[in-house]
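Colleague: Give me a 3D structure for the following:
(2 chains)
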Protein chains: 2
Amino acid sequence: MPFKHVALLGLGLIASSIALTLRKNNPSIKINGFSRSESTRNKAREIGFCQVFDSVSSCVDGTDLVIMCVPVGAMKDTMKMAAPHLAQGVVVTDVGSVKSNVIKAIKPLIPKDVSFVPAHPIAGTENSGPEAGFAELFVDRWCILTPTPQTPIEATRKVKKFWQSLGAQVQEMDANHHDLVLSVTSHAPHLIAFTMVGVADEFSKVTKSEVINYSAAGFRDFTRLAASDPIMWRDIFINNKEASLEILGRFTEELFSLQGAIRRQDGEFLQKYFERTRKVRRNIIEAGQDTSEPDFGRKSG
Amino acid sequence: MPFKHVALLGLGLIASSIALTLRKNNPSIKINGFSRSESTRNKAREIGFCQVFDSVSSCVDGTDLVIMCVPVGAMKDTMKMAAPHLAQGVVVTDVGSVKSNVIKAIKPLIPKDVSFVPAHPIAGTENSGPEAGFAELFVDRWCILTPTPQTPIEATRKVKKFWQSLGAQVQEMDANHHDLVLSVTSHAPHLIAFTMVGVADEFSKVTKSEVINYSAAGFRDFTRLAASDPIMWRDIFINNKEASLEILGRFTEELFSLQGAIRRQDGEFLQKYFERTRKVRRNIIEAGQDTSEPDFGRKSG
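Modeller: Got it, this is the predicted structure:
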């Protein structure tokens, strides 16, 4: 573990999971935390996973790793508050789901002699807030680092070790490529889930409880994604606009071709398509990224 | 339990789950089974959840309840084979995910003095085949009955009792209304999941394993639905064409409005939309139709 004293700016699901994992795997590390919201600070104090400060400046004081755990849209303002108080040699990293725009927002504010290693742990649940964290969140999940040309190799190496110590596998990637890949694996699926749940919600005004009662037939799987933090997702789509629109455009084209097959009753086209998509799940399970238990291992009843 | 001897025509996930539940809850009931596929019959014999017959006629002989458990597109041919062998007083039901077209296909073939109670248990997993069944599949799930004007009330009452004995809650509904409601809660979500997985699969040809490795960020939730039985789903979309296209049309309109909000960077619109969809999940969990465990209670690692 290359760090001794960590500052968490933002105290949501990711920050609290980082703290709880550090507590478990590296109990000697000191952990400071800050949130703009007083109620979040109070909750974090109750849970007690870190020492909570009322200002960014006191939170970062004396730390050697500063992790930006705020929504993507709040990164710039938070870094403005932190920058004047960062000591020489400090490493700054973040957990934002979008990388190009976060780099654009933060990098110009980073003081000389401070390193910035943009990062994105690919982990989360539908719950948010300091009470949502748990120590196993990052185990066997991936963390992507997108160092800039100015990021010292040594700082990247240390942040890599840090994430490995939390149980994650680490991969380096270009920031723009990250934003496109995540748009496929995360941003577009979330927007589509939000949309489908919105459609069903409209419809349920007519059919009352039926949409809820019969949700086990497929719809409920979408609701988990569509229950994710609204502010976090607002910021993601606004800050990854181009890649999101690109993938949603491809999705619409593909949806139209399947709608066409339904319209002309083309069973062969549909069956072949569905046989292809069935195989993708097998690959995900083999890669250790999902459970093979039927129905996600949901308990009945 | 109003029946003594049940025939299962088709031996997939639903049929094997019915048999295993009957074995557990009502061990005195005799269970016959038939599948057109020899390998399915052999698998069912190995597992041993019912007495397997090589012909429809011998399978239905002596039974008082015949359950059609074949894909929607195979209902008509299967009923053609069964009809001449159905004794007076037998009750016929089915488990098809589409009701109007199944009624159109089967009802004209039903002999006089035989009752037909169309049914749809809202339960399933992404796995298919006789080895996929389990005795808890229907517990606390819903089963919808869509009796026709010719269905005797007594037959409907008996099929209702039958499904309640398997652990399900039963609701009666008009067949057309069923097809529209299921199109929202099941058919459209599946088509959208198939589409998103298809898009990602195309994309993954460029980025190799990245789509698989980073699937935990959202995409993998879609792959469970998109791994469902291709033939079953081909038949559903072809047999519920109008309702599917209606709901997919609404979905596309809604998706375009969200894409527009991303394009014009309308954060307020996005946040409000996402706050609304977040509440829907809470309703589903309160209705007992999903787990409140984060991440569906998936085990990490």
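Colleague: So what's the gap between stretch A:137-151 and the chain middle?
Modeller: 12 Å (Cα atoms, centre = their mean, to the nearest Å).
Colleague: pLDDT averaged over that stretch - what is it?
Modeller: Averaging pLDDT along stretch A:137-151 gives 96.
Colleague: Show me what residue A:66 bridges to in the sheet.
Modeller: residue A:7, residue A:92 (DSSP bridges).
Colleague: That one: how many residues sit nearby?
Modeller: 28 (other Cβ atoms under 10 Å in any protein chain shown). To be clear about C-beta, it is placed using only N, CA and C from the backbone, and glycine gets the same treatment.
Colleague: isn't it right next to residue A:92, touching?
Modeller: Yes: with contact defined as Cβ atoms under 8 Å, residue A:66 counts as touching residue A:92 (4.8 Å).
Colleague: what touches both of those two?
Modeller: Taking Cβ atoms under 8 Å, 6 or more residues apart in numbering or on different chains as the criterion, residue A:66 and residue A:92 both touch A:82, A:86.
Colleague: Okay, and the most centrally placed residue in chain A sits in which element?
Modeller: Centroid check for chain A by Cα atoms, centre = their mean gives residue A:97 as the closest residue, at 5.0 Å. Under DSSP states H and E, no helix or strand contains residue A:97.
Colleague: Contacts only, for it.
Modeller: A:72, A:120, A:182, A:186-187, A:232, A:236, A:240, B:217.
Colleague: could you redo the last one with a cut-off of 7 Å?
Modeller: A:72, A:120, A:182, A:186, A:236 (Cβ atoms under 7 Å, 6 or more residues apart in numbering or on different chains).
Colleague: filter those down to the ones close to chain B.
Modeller: When contact is defined as Cβ under 7 Å from any Cβ of the partner chain, those meet chain B at A:182, A:186.
Colleague: Which members of the contacts of residue A:97 occur in strands, if any?
Modeller: Using DSSP state E, the subset of the contacts of residue A:97 located in strands is residue A:120.
Colleague: got the contacts of residue A:97 as JSON lines, with neighbour count and pLDDT columns?
Modeller: Shown next, in JSON lines, are those (neighbours: other Cβ atoms under 10 Å in any protein chain shown; pLDDT from 0 to 100):
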{"residue": "A:72", "neighbour count": "26", "pLDDT": "97"}
{"residue": "A:120", "neighbour count": "26", "pLDDT": "98"}
{"residue": "A:182", "neighbour count": "28", "pLDDT": "95"}
{"residue": "A:186", "neighbour count": "24", "pLDDT": "94"}
{"residue": "A:236", "neighbour count": "29", "pLDDT": "97"}
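Colleague: Check the contacts of residue A:97 and tell me the two furthest apart.
Modeller: Greatest spatial distance in the contacts of residue A:97: A:72 and A:186, 12.8 Å, computed using Cβ to Cβ.
Colleague: Take the contacts of residue A:97 and keep only those in helices.
Modeller: Mapping these onto helices (DSSP state H) picks out A:182, A:236.
Colleague: wait, which of the contacts of residue A:97 is closest to chain B?
Modeller: Closest approach between the contacts of residue A:97 and chain B, by Cβ to the nearest Cβ: residue A:186, at 3.4 Å.
Colleague: isn't the closest one right up against residue B:215?
Modeller: No: if you go by Cβ atoms under 7 Å, residue A:186 and residue B:215 don't touch, sitting 8.8 Å apart.
Colleague: Can you get me a residue count around residue A:264?
Modeller: The tally of other residues near residue A:264 (other Cβ under 10 Å) stands at 9.
Colleague: same thing with residue A:172?
Modeller: Count around residue A:172 with other Cβ under 10 Å applied: 13.
Colleague: Quick check: beta-bridge partners of it?
Modeller: The partner residues for residue A:172, given DSSP bridges, come to residue A:145.
Colleague: Next one, pLDDT for it please.
Modeller: 97.
Colleague: can you check residue A:286 too?
Modeller: On the pLDDT scale, residue A:286 gets 87.
Colleague: which ones are touching the nearest residue to residue A:106 once chain neighbours are set aside?
Modeller: Take residue A:106 and drop its neighbours on the chain: the residue closest to it by Cβ to Cβ, 6 or more residues apart in numbering or on different chains is residue A:79, 4.9 Å away. With contact set as Cβ under 7 Å, 6+ apart, residue A:79 has these partners: A:68, A:106, A:109.
Colleague: Just among the residues you listed, which is most surrounded?
Modeller: For the contacts of residue A:79, neighbours tallied by other Cβ under 10 Å; top is residue A:68, 25 neighbours.
Colleague: Leaving out the residues flanking it, which one is nearest to that residue?
Modeller: Distance criterion Cβ to Cβ, 6+ apart; nearest residue to residue A:68, sequence neighbours excluded, is residue A:94 at 3.7 Å.
Colleague: okay, now the one you found: neighbour count?
Modeller: Considering only other Cβ under 10 Å, residue A:94 is surrounded by 26 other residues.
Colleague: likewise residue A:270?
Modeller: Other residues close to residue A:270 by other Cβ under 10 Å number 23.
Colleague: Can you check the pLDDT for the residue nearest to residue A:60 when sequence neighbours are not counted?
Modeller: Nearest residue to residue A:60 in three dimensions, chain neighbours excluded: residue A:7, at 4.7 Å (Cβ to Cβ, 6+ apart). Note for residue A:7: predicted pLDDT of 98.
Colleague: correct me, but residue A:7 touches residue A:58?
Modeller: No: judged on Cβ under 7 Å, residue A:7 makes no contact with residue A:58 at a distance of 9.7 Å.
Colleague: Mind checking which of the two has more residues around it?
Modeller: residue A:7 (30 against 14).
Colleague: Return the distance of that one relative to chain B.
Modeller: 25 Å (Cβ to the nearest Cβ, to the nearest Å).
Colleague: what's the answer for residue A:41, then?
Modeller: 23 Å.
Colleague: Now for that residue: which residues touch it?
Modeller: A:11, A:35, A:52, A:54 are the contacts of residue A:41 under Cβ under 7 Å, 6+ apart.
Colleague: and if we set it to 6 Å?
Modeller: A:35, A:52 (Cβ atoms under 6 Å, 6 or more residues apart in numbering or on different chains).
Colleague: what separates the helix or strand that contains it from the chain centre, distance-wise?
Modeller: Residue A:41 belongs to helix A:38-47 when assigned by DSSP H and E. Chain-centre distance of helix A:38-47: 22 Å, with Cα atoms, centre = their mean.
Colleague: what comes up buried for that helix?
Modeller: Within helix A:38-47, the residues scored as buried using 16 or more other Cβ atoms under 10 Å in any protein chain shown are A:40-41, A:43-44, A:47.
Colleague: And for stretch A:154-167?
Modeller: A:155-156, A:158-160, A:162-163, A:165-167.
Colleague: ok so, going back, now do the phi/psi pair for the residue nearest to the centre of chain A.
Modeller: phi -80, psi -10 (degrees, to the nearest 10).
Colleague: Could you check the pLDDT of it?
Modeller: 96.
Colleague: cool, and residue A:206?
Modeller: pLDDT, read off for residue A:206, is 64.
Colleague: what does the one 3 residues further on give?
Modeller: On pLDDT, residue A:209 comes in at 81.
Colleague: Nearest spatial neighbour of it, chain-adjacent residues omitted?
Modeller: residue B:287 (7.2 Å).
Colleague: element containing residue A:170, please.
Modeller: Here residue A:170 is assigned to strand A:169-172, by DSSP H and E.
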